[in-house]
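**Student:** pasting a predicted model and its sequence here:
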Amino acid sequence: MYLDTQHIAGLAKDYRTTLVNSIAGFKSANLVGTVSSTGNTNLCIVNSVFHLGAHPPLLGMIFRPHSVPRDTLENILATGVYTINHVHSGIYRAAHQTSARYPRETSEFAASGLREAWLEGFAAPFVAASTIRLAMTYRDHQTLAVNNTVLVAGEITGIHCPDEIVGDDGYVNLEQAGSLAVIGLDSYHSTRRLDRLAYAKPGREPASIL
């Protein structure tokens with residue numbers, strides 16, 4: 001198959017959406033927990049979380065254009081806090097259900113059967129069944145002129161995960177945690193590490209980290 005710009009533009013909308021979403025490759029599967037200013041909790045699955053920096057510890061997340069109500073985005077902007085919770089094989093079906101379009105007053109926690117957890121006094125709900133849970137504090141957002149999607153930047157202000165999945169050097173073993181990857185909007189995958197390589201330097205062959 002070869003598709004140029006003209007061919008891609010001529011594809012049926014649903015086909016093009018699936019093609020572009022899946023060809024982008026594996027992405028992390030996460031549940032974002034928020035609460036509105038009036039106390040309604042919200043939970044949604046996202047596949048757009050990415051690393052922005054370690055000093056300070058920042059994660060980015062992309063939202064579709066804010067041309068219609070976006071409960072999660074609006075809650076983040078209103079309260080300044082949210083949680084990111086890894087999806088694993090025990091909860092992926094319930095996690096997927098949170099993508100359904102429920103009324104604003106309906107909590108996706110209740111609708112999906114996932115239980116809320118309120119930890120360390122943090123003002124946004126975590127997913128009780130998630131293995132890796134991050135407390136996030138809003139830092140910035142930008143509307144991207146290219147397509148009006150919204151980039152949200154948040155700082156990791158709390159980490160909840162089992163001690164045994166974190167190595168002496170800080171490496172988090174996501175395979176051991178059972179964290180899943182997702183392709184597109186609906187294809188869930190377990191992971192298997194092929195290798196872990198030492199920091200690359202000129203003139204030195206890649207070496208495995210034992």
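**Tutor:** Perfect, I can see it now.
**Student:** list the contacts of the nearest residue to Gln97 once chain neighbours are set aside.
**Tutor:** Nearest residue to Gln97 in three dimensions, chain neighbours excluded: Ser112, at 4.4 Å (Cβ to Cβ, 6 or more residues apart in numbering). C-beta: built from backbone N, CA, C; applies to glycine. The contact partners of Ser112, taken as Cβ atoms under 8 Å, 6 or more residues apart in numbering, are Leu43, Ala94, Ala95, Gln97, Thr98.
**Student:** now do the strands in this protein.
**Tutor:** 27-28, 30-35, 41-46, 49-54, 57-63, 81-86, 116-117, 126-127, 133-143, 150-160, 181-183, 187-189 (DSSP state E).
**Student:** closest one to Glu205 among those?
**Tutor:** strand 49-54 (26.6 Å; Cβ to Cβ).
**Student:** got the angle between that closest one and strand 57-63?
**Tutor:** Using axes from the mean of the first three to the mean of the last three Cα atoms, to 10 degrees, the direction of strand 49-54 lies 150 degrees away from that of strand 57-63.
**Student:** name the helices or strands packed onto strand 49-54?
**Tutor:** strand 57-63 (3 or more Cβ pairs under 8 Å, 6 or more residues apart in numbering; DSSP states H and E).
**Student:** Tyr102: which of the strands of the chain is closest?
**Tutor:** Nearest to Tyr102, of all the strands of the chain, is strand 41-46, at 8.9 Å by Cβ to Cβ.
**Student:** how far does the closest one sit from its chain's centre?
**Tutor:** With Cα atoms, centre = their mean, to the nearest Å as the basis, strand 41-46 stands 10 Å off its chain's centre.
**Student:** now for it, which elements pack on it?
**Tutor:** Under the contact definition 3+ Cβ pairs under 8 Å, 6+ apart, strand 41-46 sits against strand 30-35, helix 71-79, helix 108-112.
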